[in-house]
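quick one: sequence plus predicted model below, questions after.
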Protein chains: 2
Amino acid sequence: MNEIERFEAYLRAKHQKMTQPRRIILEAFLSTEGHLTAEAILLEAKKIDPGIGQATVFRTIRLIENAGLAREALQADGARTFEHLADHPHHDHLRCVECGKVIEFLNPSIEREQKKIFTQYSFEPRGHTMELLGLCPECQAKKRGEY
Amino acid sequence: MNEIERFEAYLRAKHQKMTQPRRIILEAFLSTEGHLTAEAILLEAKKIDPGIGQATVFRTIRLIENAGLAREALQADGARTFEHLADHPHHDHLRCVECGKVIEFLNPSIEREQKKIFTQYSFEPRGHTMELLGLCPECQAKKRGEY
DNA sequence: AATGAGAATGATAATCATTATCATAATAAT
DNA sequence: ATTATTATGATAATGATTATCATTCTCATT
Ligand SMILES: [Mn+2]
Ligand SMILES: [Mn+2]
Ligand SMILES: [Zn+2]
Ligand SMILES: [Zn+2]
């Protein structure tokens, strides 16, 4: 079952409707990689149909998220960003505080410890966010005056 | 050196001034525990001096943060929250997605692995955020119908 | 203690991302 | 095809944070 089909199944289960705008927004979103802002998704969707409204993008992103096809990536400054999960297993982020570069990684040992913490406090796991913040090698060089 | 003195030293180093509002806001902030929103800090500060303006609270929080006396706690919904670091070593958070309850913890093994990741990618560490999200025991009980 | 340049304050307006509203249009079950 | 229901998009509203700016406060210097 592909992403579109999964989205349709989700909507059916919720007695909601699959529509042209929703299909277009999902396609636009899936067509890109990385962390997208609602505005970026709107721009991409408008390439397919210029009539798409941004309210619909906000609404549809939430649907896609609830359908389990996307997750919110830790928001940088102003706007929230989202990343889709197609062919993209769980990972966390290492971000450069200077240039914003993002490296995705997965550390099994950390994931294991996190599970232990849920167990220790009898919490039912629902997810986690983790972002490591640092200065990337390039920005370190710039700081040193190597232009 | 206590918190107020550290704040004064920070301001002096930056050629900025210690003022009555700044002192009051810092005191109000320090007088509480937990994760405070700017508005909550304003309310606390107004108990000391009702004339304090909320713009000054926003400005002063940022100063306090840059002085290394506070950090932003992962924002829940709308408003950012801050927690002071006095007598409060580094920790991460386990939050209930239902009732918002927060448990603070520190896992040395995770901290160690995070350092390794910085090293692996040659990033100069600047910090990290981590929040585990789950359902607390009480909210699990409620979900089961035990009211 | 008085001065004065620079910095800070607080009231208010401005931003900007996200939500709410609502009249109109699209969807899907019958 | 009918129709009850839901979705859309334009627009206004919201709410947290920032910017503006005339007035007031600080503090190094006299
Ligand atoms: Mn990612
Ligand atoms: Mn905390
Ligand atoms: Zn960088
Ligand atoms: Zn709970």
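Good, I have the coordinates. Residues are numbered from 1 along each chain as shown, chains lettered A, B, ... in the order given. Ligands and ions are numbered 1, 2, ... in the order given.

after the strand of greatest length in chain A, which helix or strand is next?
Taking DSSP state E as the criterion, chain A has its longest strand at strand A:124-135. Using DSSP states H and E, the next helix or strand after strand A:124-135 towards the C-terminus is helix A:137-144.

contacting residues around that following helix?
A:96, A:98-99, A:101, A:135, B:122-124 (C-beta atoms under 8 Å, 6 or more residues apart in numbering or on different chains). Backbone N, C-alpha and C define where each C-beta goes, glycine included.

now do that helix against strand A:124-135, angle only.
For helix A:137-144 against strand A:124-135, the angle by axes from the mean of the first three to the mean of the last three C-alpha atoms, to 10 degrees is 40 degrees.

and residue A:75, how many neighbours?
By other C-beta atoms under 10 Å in any protein chain shown, the residues close to residue A:75 number 13.

how close does it get to residue B:129?
As defined by C-beta to C-beta, to the nearest Å, residue A:75 lies at a distance of 11 Å from residue B:129.

quick check: which helices or strands does the longest strand of chain A pack against?
strand A:92-96, helix A:108-120, helix B:108-120, strand B:124-135 (3 or more C-beta pairs under 8 Å, 6 or more residues apart in numbering or on different chains; DSSP states H and E).

okay, those, which one's buried deepest?
For the helices and strands packed on strand A:124-135, average neighbour numbers computed from mean count of other C-beta atoms under 10 Å in any protein chain shown are highest in strand A:92-96, which has a mean of 21.

can that strand be said to contact ligand 3?
Yes: under the criterion of C-beta under 5 Å from the ion, strand A:92-96 makes contact with ligand 3 via residue A:96.

so for that strand, mean pLDDT?
On average, the pLDDT along strand A:92-96 is 94.

that older thread, taking their axis directions, the longest strand of chain A and helix A:108-120 sit at what angle?
If you take the same axes, to 10 degrees, strand A:124-135 sits at 140 degrees to helix A:108-120.

what's the angle between strand A:124-135 and strand B:92-96?
Using the same axes, to 10 degrees, strand A:124-135 lies at 150 degrees relative to strand B:92-96.

can you list the strands that strand A:124-135 pairs with?
strand A:92-96 (parallel), strand B:124-135 (antiparallel) (DSSP bridges).

and the next helix or strand past the first one?
Scanning the chain past strand A:92-96 towards its C-terminal end, the next helix or strand to appear is strand A:102-105 (assignment: DSSP H and E).

then that next one to PDB, C-alphas only?
Written as PDB, here are the backbone C-alpha positions of strand A:102-105 (Å, rounded to 0.1, in the frame of the first residue of the first chain):
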ATOM      1  CA  VAL A 102      20.900  19.300   9.400                       C
ATOM      2  CA  ILE A 103      22.400  15.800   9.700                       C
ATOM      3  CA  GLU A 104      20.100  12.900  10.400                       C
ATOM      4  CA  PHE A 105      21.200  10.000  12.600                       C
END
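
sorry, back to before: can I get the longest strand of chain A as PDB, trimmed to CA atoms?
Output in PDB follows, covering the C-alpha atoms of strand A:124-135 (Å, rounded to 0.1, in the frame of the first residue of the first chain):
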ATOM      1  CA  GLU A 124       3.200   4.500  27.600                       C
ATOM      2  CA  PRO A 125       5.500   5.700  24.900                       C
ATOM      3  CA  ARG A 126       4.200   8.100  22.300                       C
ATOM      4  CA  GLY A 127       7.300   9.300  20.700                       C
ATOM      5  CA  HIS A 128      10.200  11.700  21.400                       C
ATOM      6  CA  THR A 129      12.100  14.600  20.000                       C
ATOM      7  CA  MET A 130      15.800  15.000  20.200                       C
ATOM      8  CA  GLU A 131      18.000  17.600  18.500                       C
ATOM      9  CA  LEU A 132      21.700  18.000  19.000                       C
ATOM     10  CA  LEU A 133      22.900  21.600  18.500                       C
ATOM     11  CA  GLY A 134      26.400  22.500  17.500                       C
ATOM     12  CA  LEU A 135      28.800  24.200  15.200                       C
END
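
and it, anywhere near ligand 3?
No: Strand A:124-135 lies out of reach of ligand 3 by C-beta under 5 Å from the ion, never closer than 6.3 Å.
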